[in-house]
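Q: Sequence first, then the predicted structure:
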Amino acid sequence: MRSAGCLSAIPSATGGIARLACARVAESGKDPAALLSKAGLTLNDFSDPAVRLEVSTQIMLLELAAIELEDDILGFRLARGFDLRQIGLVYYVLASSENVADALRAAERYSRIMNEGVRLRFNMEGHTATIALEYVGVDRMGDRQQIEFWIVTLVRICRQVTDGRLVPSRLQVRHLRAGMPPEFRMFFGRDVEFGADRDVISFPVPVALLPLVGRDGYLHDLLRRYADEALVRKAPHGATLRSKVEKTLTTLLPHGRGVAKEVARQLGLSTRTLSRKLGEEKTSFAEILDQLRAALAKRYLEEEQLPVSEVSWLLGYRELSSLTHAFKRWTGMTPRQFRSRRSQPS
């Protein structure tokens, strides 16, 4: 066991990939608890999405799950099936970029929010744009499932944000496989070079310069500021349930899913347990949601070029009138009056 004092030097990850794998194990009718035990984890700790995992532990869990499920390309399948929006803030930074190259540069900068053990390097030289994946403080040669998940996910992101089936000009990975899985060729549109000296996805430069369908310069700059804060922010020891609810709500609100049932599900709790535990902290879900929306609304409205309609969307309101009514309750002003008042010279 490593001492707690050494933990800050050990690369960690959000554990999202490992949680997807354990969910797949549970769906197959098998108990993931035994799998977690082999990795030194308990089901109780693992069910908390706020708990980060050592990257080496995630790699071990993925390989164990692949064996348990008798699925040699589990990482590939998991990456094909999950909703890219589950990535959270980093995905929205990428999706609001100007073009593919800008999105991949953002991935290079912010990917360590998700996984400190995988460093991305984007480069454009000559006729080729490349995104290389380098392992930091983690044994690369012991991994197949995680790296394949990353490569599939990066290609999926490039396709989704351009609304096109982009085909890499070259795909190289360091680990070996006995043969080319037909699913790989079908998905990527070309063969993967196994046993290479590096892990790299290559595209022609014109592909890297393709504009993104959801590009939004102002929103992108706003989200980058939040991502920059996330890079340096350290999660407090023993974070309260309230802070976990606030963090979860921030990602759910833009999709209109900021409800107690969904937050409880993502935190691995029943709705009743969530309500009881928040009561122990002398608060409630409705109070947290209302106070968070009020704080975020003021913060977003300080960004003068962000349309009020977009502020409404970011806060999970379907109608602008709903934001207007709520904001008048919080401040006695409409959102536009608040923004106008702040812009007046003192």
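A: Good, I have the coordinates.
Q: where do the strands sit along the stretch 1-150 of the chain?
A: 12-13, 53-54, 118-125, 128-135 (DSSP state E, counting those that start in this stretch).
Q: what would those strands look like in TSV with mean neighbour count, mean pLDDT and distance to Arg24?
A: From N, CA and C alone the C-beta is placed, and that goes for glycine too. Below are the strands of the stretch 1-150 of the chain laid out as TSV (neighbours: other Cβ atoms under 10 Å; pLDDT from 0 to 100; distance: least, Cβ to Cβ, whole Å):
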stretch	mean neighbour count	mean pLDDT	distance to Arg24
strand 12-13	22	87	18
strand 53-54	22	86	17
strand 118-125	16	94	21
strand 128-135	19	96	23
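Q: Those strands: which one's closest to Val173?
A: Of all the strands of the stretch 1-150 of the chain, strand 128-135 sits nearest to Val173, with 8.8 Å by Cβ to Cβ.
Q: Next one: Pro168 from Ala107, what distance?
A: For Pro168, the distance to Ala107 equals 15 Å [Cβ to Cβ, to the nearest Å].
Q: Please work out the average pLDDT along stretch 242-250.
A: Mean pLDDT, stretch 242-250: 85.
Q: hang on, the earlier thing: adding distance to Val173, write the strands of the stretch 1-150 of the chain out as TSV.
A: Listed next are the strands of the stretch 1-150 of the chain as TSV, based on distance: least, Cβ to Cβ, whole Å:
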stretch	distance to Val173
strand 12-13	19
strand 53-54	22
strand 118-125	13
strand 128-135	9
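Q: His220: which of those strands is closest?
A: Checked against Cβ to Cβ, the stretch from these lying closest is strand 118-125, at 16.4 Å.
Q: strands paired with the closest one, and their directions?
A: Strand 118-125 has the following strand partners under DSSP bridges: strand 128-135 (antiparallel).
Q: Which secondary structure state does Val155 sit in?
A: Secondary structure assignment for Val155 (DSSP: H, G, I helix; E, B strand; the rest coil): helix.
Q: show me what contacts it?
A: Residues near Val155 by Cβ atoms under 8 Å, 6 or more residues apart in numbering: 166, 168, 187-188, 201.
Q: give me that answer again for 10 Å
A: 79, 131, 165-168, 171, 187-189, 201, 203 (Cβ atoms under 10 Å, 6 or more residues apart in numbering).
Q: which residue packs closest to the residue nearest the centre of the chain, ignoring adjacent ones?
A: Central residue of the chain (Cα atoms, centre = their mean): Ile87, 1.9 Å from the mean position. Using Cβ to Cβ, 6 or more residues apart in numbering and skipping residues adjacent in sequence, the residue nearest Ile87 is Met114, 6.8 Å away.
Q: Could you do Glu116 as well?
A: Here the residue nearest Glu116, using Cβ to Cβ, 6+ apart, is Pro11, at 4.0 Å.
Q: Would you mind pulling the contact partners of the lowest-mean-pLDDT helix or strand in the chain?
A: Lowest by mean pLDDT, DSSP states H and E among the helices and strands of the chain is helix 43-46, with a mean of 74. Residues outside helix 43-46 that contact it (Cβ under 10 Å, 6+ apart): 15, 18-19, 22, 31-37, 39, 51, 53, 57, 61, 268.
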